[in-house]
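When you get a sec, could you give me coordinates for this:
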Amino acid sequence: KSLLNLMKSRVMSLVIFTCVVGLLIAPNKVNFLDAIFSILAVALGSGAAGALNMWYEADLDSLMSRTCLRPIPTGKITKKQALLFGIITSIISIYFLYLFSNLTATLILATTILFYVFVYTIWLKRKTSQNIVIGGVAGALPPVIGWAIATGEVSTQSIILFLIIFMWTPSHFWALSLYKTQDYKKAKIPMLPVTSGIKTTKLNIFIYSVLLFPIILAPYFLNYFGLIYLGFSGTLGIYYIFICYQLFEAKKSNLENKIAKKIFGFSIFYLFVIFTSVLVDSII
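As a prediction, this is how the structure comes out:
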């Protein structure tokens, strides 16, 4: 159970879902067993990256209320165990994806793991308030991996799915950082509310919600998906901009925290519905 917690199962579930969507909407059909084992390899790679993240950030996790109950701070797993587990599972995931898929998908998975661990976790996390923006590359690659599993290549369609997650990430995590600002201050992590203040963070959340909207609509106007996709993504996109604007206009801290929590929760639902509508639209 502690090893599963080390793998960030919630993050893994989002990785699996978006990867599966990328695989299923691709024009090429994949053998069922190859598809299953490829997805499991991607899931294991995601978990490996999570384990290595927790290994490196164990000192920070022990300081924050959101993360203090993770396996390393509670003593259920040692740092050395987490490091070995992360390295071994990374190697296994990359090997099995190559075995059941192709070189392109394997290279993208390897890049995702390395980017998340070395670029985001080790380099950016403690150095810049733009950590989550640049680091979002890793979280946005799973649908590209799924597409590559099926086709052996990267396409414009898979890149748009990447851009949707990439542009969604900042507003999602900055909303979390707004009502967890004291946690980040205590751990000395330079999240945007800590370095630039609440007002600037609220403005950036609103700007990114607006910038996300045309990218959300792009697949329809590029004739990748139809009216089902447009209806769901467009409606939710407008509402997302609206609640982000509500946050920007909020003056009292208790109201800001309430709306920020709402944005964080809704953003997860928003991304889930977008990718579900991609899948449904492609099938119908």
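
Quick check: Trp55 vs Ser65, distance?
Per C-beta to C-beta, to the nearest Å, Trp55 is found 20 Å from Ser65. C-beta: built from backbone N, CA, C; applies to glycine.

of these two, who's got more company?
Using other C-beta atoms under 10 Å, the more surrounded residue of Trp55 and Ser65 is Trp55, with 23 against 10.

residues contacting that one?
Trp55 makes contacts with Ile72, Lys79, Ala82, Leu83, Gly86, as judged by C-beta atoms under 8 Å, 6 or more residues apart in numbering.

The third one - how many residues pack around it?
The reference is to Ala82. A count of nearby residues for Ala82, using other C-beta under 10 Å, gives 24.

Identify the residue spatially nearest to it, adjacent ones excluded.
Excluding its sequence neighbours, the residue lying closest to Ala82 (C-beta to C-beta, 6 or more residues apart in numbering) is Trp55, at 4.0 Å.

which residues sit in contact with Gly139?
Gly139 neighbours (C-beta under 8 Å, 6+ apart): Val11, Leu14, Val15, Tyr116, Ile165, Phe166, Thr169.

want to throw the residues you listed into TSV with pLDDT?
TSV is the format used below for the contacts of Gly139 (pLDDT from 0 to 100):
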residue	pLDDT
Val11	88
Leu14	92
Val15	94
Tyr116	96
Ile165	97
Phe166	97
Thr169	96
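
thinking again about what came up before, quick one: the residue nearest to Ala82 from Pro71, how far?
10 Å.

can you check Tyr229 too?
Distance, Tyr229 to Pro71, by C-beta to C-beta: 39 Å.

What of Ile216?
Using C-beta to C-beta, we find Ile216 at a distance of 36 Å from Pro71.

Could you do Thr128 as well?
28 Å.

out of these two, which sits in the busier spot?
Legend: neighbour count by other C-beta under 10 Å for Thr128 and Pro71, higher for Pro71 (22 against 16).

Does the more buried one touch Met54 like I think?
Yes - the criterion here is C-beta atoms under 8 Å, and Pro71 meets it with Met54 at 7.1 Å.

quick one: common contacting residues for the two?
Listed contacts common to Pro71 and Met54 are Leu6, Ala82; contacts here mean C-beta under 8 Å, 6+ apart.

For Lys251, give me phi and psi.
The phi and psi values for Lys251, taken as degrees, to the nearest 10, are phi -110, psi -30.

That one: what's it in contact with?
Residues near Lys251 by C-beta under 8 Å, 6+ apart: none.

Would you map the helices across the stretch 51-200 of the chain?
Assigned by DSSP state H, counting those that start in this stretch, the stretch 51-200 of the chain shows helices spanning 58-61, 79-100, 103-114, 131-140, 142-151, 156-179, 181-187, 192-196, 198-221.
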